[in-house]
Structure formats: structure tokens, C-alpha cells
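>>> sharing a model prediction with you, sequence too.
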Amino acid sequence: YGTQEVNEKGHLTIGGVDSVDLVNTYGTPLIAYDIALFRERARAFKETFRAEGIQAQVAYASKAFSSIAIYEVAQQEGLSLDVVSGGELYTAVQAGFPRERIHFHGNNKSEAELEYAFAEKVGCIVVDNFSEIELIKRISAMRKQEMDVLIRVTPGVEAHTHNYITTGQEDSKFGFDLKNGQADEAFYRLHNVEYIRVLGMHCHIGSQIFETTAFRFAAEALMNKMIMWRDEYNFICRVLNLGGGFGIRYTEEDAPLAPAKYVEEMASVVLSMTRQHQYPMPEIWIEPGRSLVGDAGTTLYRLGSMKEVPEIRTYVAVDGGMSDNIRPALYGAEYTAVTANRMDEPQTTEVTIAGKCCESGDKLIEQALIARPQEDDIIATFCTGAYSYSMASNYNRLPRPAVVFVEDGMHQLVIRRETYEDITRLDIPLQAVKRGDT
Ligand code: LLP
């Protein structure tokens, strides 16, 4: 999992840094990102497009992990950025991210969020629904400001890991249905509108996908629609955004494809269809989140209490849990763990790693294999870079962990650990009672 190795002390190292040193410096729980891996993944996507000779944008889907520092790295790597809220946009602005490479997503963007996106002159807005069309028309007309848009459609293919289903109509809260005329109606209402420029189409078919058929299917469905719009309205889409969803390896059973493979497959569909229909080759945009940050992240916990349930299992509890990684509780997501401070011992004792939240379901790993557990051990869970910190909460008023970036033996704190003061900073103590009408 990533670039973890073991040093002469028998300690897990992450990006060339001893995990025990990290914990001694920053405390636990700690999420450590090996940033070299993030860069490697980003370059692999970009390089594949380059090798295929295809104009492309690789946008980091920052819902997977949003922070000023990761946006800075994304910028260094020449990535674009997918943001889905005013908060993510604000973070990108704080990071000084080039606005023209920010793509603004969301199925219920508020007027204030859209105004903000216009004020910051983001690269494009991915239009999701008819209410948003009206809002964007109004805002652009009022501001007399141009805006590029992509039309988000649901192509009737839904993919998860090994399976995908294709349906006539997709039951999704996102986007315009491709097959029942909604997408055509959206296009009709947007094109030839002053200040609005339709750049092209967008779809996102799922997450943690291990096969390419669903992507090929989606690419084909969108291309067909683009060809129809050309024939009917003489309109050419310059951009085809096929979203993210490329799978990563959480456990031994997971067998994702190399980033290049996904890109090559979707590109081959687009290349062959453009040739066949003499359609100008569009730029292909993708939006990987998990596959850029997922395996770059490792969470380090301190082992505390233990409890044996005879003949059933041994619980070992760590000093975090569903508050910093809700994915096991929410999705039944599986992870792999090790005892980071004793890697030279056999990691063969089966335990259930529980969190410290007051909830029975707060188990991080049901059947983990670690060294014979001892209090104060450091437990590392791998591949926690995506959708763990970004979905973290203060449940039980646990402070959220610190986040550190490591790279080539160097480390740097990028999100400080929450304090008890942070925990109560929004609270307002009771005040003298006021009448409702004053
Ligand atoms: N683009 C769009 C429009 C999306 O909705 C998503 C993810 C992505 C890109 C990035 O997908 P990725 O490459 O990361 O699979 N919380 C869930 C995952 C939710 C994904 C939501 N959309 C989890 O922890 O598994």
C-alpha cells in the first residue's frame, strides 16, 4: 500500500519518515499523506493523455480530501480542480488556485455560491438542473459576465466496483437524464444565451470502479448525444468530461486497473467515434478523487483498551474511529492495518479494531491481522487518504486529527489537530432571555 517500508528499528516508514517519529511529533490520531504518491498518480493520468495526443484536463475531485496544502500540490502538478461547494471554492481561493482551472459542481448550488463562483471567475460551472439554469442566466445577465458551462447528464449507467448496470433512465439526484429529453431541453435552454457558453457535457458514473466497460458505455452515450446536437443545431462540444471513479486497492482482494488503462479505454471510444462521424476531437476531462489521494494517506492511531469476548473476538480500541473514518460504519468499507511500531514481528493476531465513539458500530476493521497487541502500540490503517478526513466529524466532541504531508524523508503539518477550544468555538452560552419580538 503506497510507499510504506520498514526501517532498521522495525518501524513502518511513510514517504521515508519513521511513523513512530511522526506520532511522537504530532500525536495521534494522525493522517499522513505521502505526497510523492499523489504526484505520481497525477502525472500518470496526465502522461497517458499526452501519450495519446489528446488535449485534456485532469481535475482533482477535492471532495476526497480538501485542504489548502493539497490544493497547492494540485496546482504544482498542473491539475485542475473540481469543487462542489462555496467552502471548497473558498479553500481553493485561499490556496491561490488558478480560478480558470476550477470547475464548480453541485446539485443544489445556492445563489450565493453561484455569485461567488462568478465573482471569482471560475473556469466553468457544471450545470446540474433546470433551477440552476435559470439562476445562471439571471446572474450572468445581471453581471454582464460570461460563463462557460458543462451540462451534467446521467447516461443511464451506474457503476460500482465490479458491477455496472445500464438503465433507460437513471434514478439519480444529479444531472439531466440523457434518454428522456431532459438533456436536450437543458441544452436548448442554454445555448445561444448571451453570456453563456456551452463548453460540452459531463457525466460521473460512480466510484471505486474496477472495470472499463461502464466508462466506455458512458463515453459512447455522451458522444452520441454530441453528434445529435451537431446534426440538429450545428453545435460542437469542445469538452467531454467523463468524471472520476477509478478504483484503488484497499485490501488484497481489490484489483484496480492502472490509471492509464481507464484513460486509454475511454479515449479509444472517443477517438473512434469522432473519426467515424467526422466530429472534431473534444478535449477529454476527468475528475479523479480517490485514485489521486486514497492510497497516499495512512492513519496512525494509538492502541488503548482491549477486550476479549471469549470464542468470538478480541476488540482492540484505538484513539479515533468513525469520527475520523466513517467509511467502515457507513459503507462497510474494508481496510488493512499493521502494528506500525513492531513491523519486525509477525502480524498474525486476528483482532477487531474498534474506535472510541459511543456506538457499537464504530469498528474500523472487523478482522485485522496485527502483531500481538500491546497497549500503546501504533496501529496504521492504509489507504485512508480519500473520504476519511473530508467526511470526519466531531461526534462525541472528539477533536479531528492532525494531517501531515511527508515526502522524501521530510514532513510538514498541513492541518493542525483540533483543540478543545476549537470544539466549543461556535457555542454560545445561554444569555438573558430575550423576547421573540425584540
Ligand atoms: N466527479 C464527480 C461529479 C463526483 O461526484 C465524484 C465523487 C468524483 C468526481 C470523484 O470520484 P472518485 O474518483 O473519488 O471516485 N464518500 C464515498 C465516495 C463518494 C463519491 C462522490 N462523488 C466514499 O467514501 O466511498
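It's in. Numbering: from 1, shown residues only.

>>> check contacts around the closest residue to residue 345 other than its chain neighbours.
Spatially, and ignoring its direct neighbours in sequence, residue 345 is nearest to residue 371 (4.4 Å; C-beta to C-beta, 6 or more residues apart in numbering). C-betas here are computed from N, CA, C, even on glycine. By C-beta atoms under 8 Å, 6 or more residues apart in numbering, the contact set of residue 371 is 338-339, 342-343, 345-347, 349, 377.

>>> need the residues you listed in CSV with neighbour count and distance to residue 76, can you?
Listed next are the contacts of residue 371 as CSV, based on neighbours: other C-beta atoms under 10 Å; distance: C-beta to C-beta, whole Å:
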residue, neighbour count, distance to residue 76
338, 24, 31
339, 25, 34
342, 21, 36
343, 20, 32
345, 13, 39
346, 11, 41
347, 16, 36
349, 15, 42
377, 21, 36
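
>>> can you tell me how far residue 430 is from residue 394?
Distance, residue 430 to residue 394, by C-beta to C-beta, to the nearest Å: 21 Å.

>>> in space, not sequence, find me the middle residue of the chain.
residue 64 (2.5 Å; C-alpha atoms, centre = their mean).

>>> who touches it in this structure?
Residue 64 neighbours (C-beta under 8 Å, 6+ apart): 289-290, 292-294, 385-387, 390.

>>> element containing the residue of the stretch 101-250 of the chain found nearest the ligand, please.
The stretch 101-250 of the chain approaches the ligand most closely through residue 244 (2.8 Å), counting by C-beta to the nearest ligand atom. Following DSSP states H and E, one finds residue 244 outside all helices and strands.

>>> now residue 148
Judged by DSSP H and E, residue 148 forms part of strand 147-154.

>>> buried sites along that strand?
Residues 147-154 are the ones in strand 147-154 that count as buried (16 or more other C-beta atoms under 10 Å).

>>> alpha carbons of that strand, in CSV - could you do that?
Output in CSV follows, covering the C-alpha atoms of strand 147-154 (Å, rounded to 0.1, in the frame of the first residue of the first chain):
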residue,chain,number,x,y,z
MET,A,147,-19.5,32.0,-18.0
ASP,A,148,-18.5,28.6,-19.5
VAL,A,149,-20.8,25.7,-18.6
LEU,A,150,-20.8,22.0,-18.9
ILE,A,151,-24.1,20.2,-19.0
ARG,A,152,-24.2,17.3,-16.5
VAL,A,153,-26.1,14.3,-17.7
THR,A,154,-26.9,10.9,-16.4
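
>>> what is that strand packed up against?
Judged by 3 or more C-beta pairs under 8 Å, 6 or more residues apart in numbering; DSSP states H and E, strand 147-154 is in contact with strand 124-127, helix 130-143, strand 176-177, helix 182-190, strand 196-202.

>>> deepest of these, which one?
strand 124-127 (a mean of 26; mean count of other C-beta atoms under 10 Å).

>>> can you tell me how far the closest residue to the ligand within the stretch 301-438 of the chain is from residue 93?
Nearest to the ligand, among the residues of the stretch 301-438 of the chain, is residue 387, at 3.2 Å (C-beta to the nearest ligand atom). Distance, residue 387 to residue 93, by C-beta to C-beta: 23 Å.
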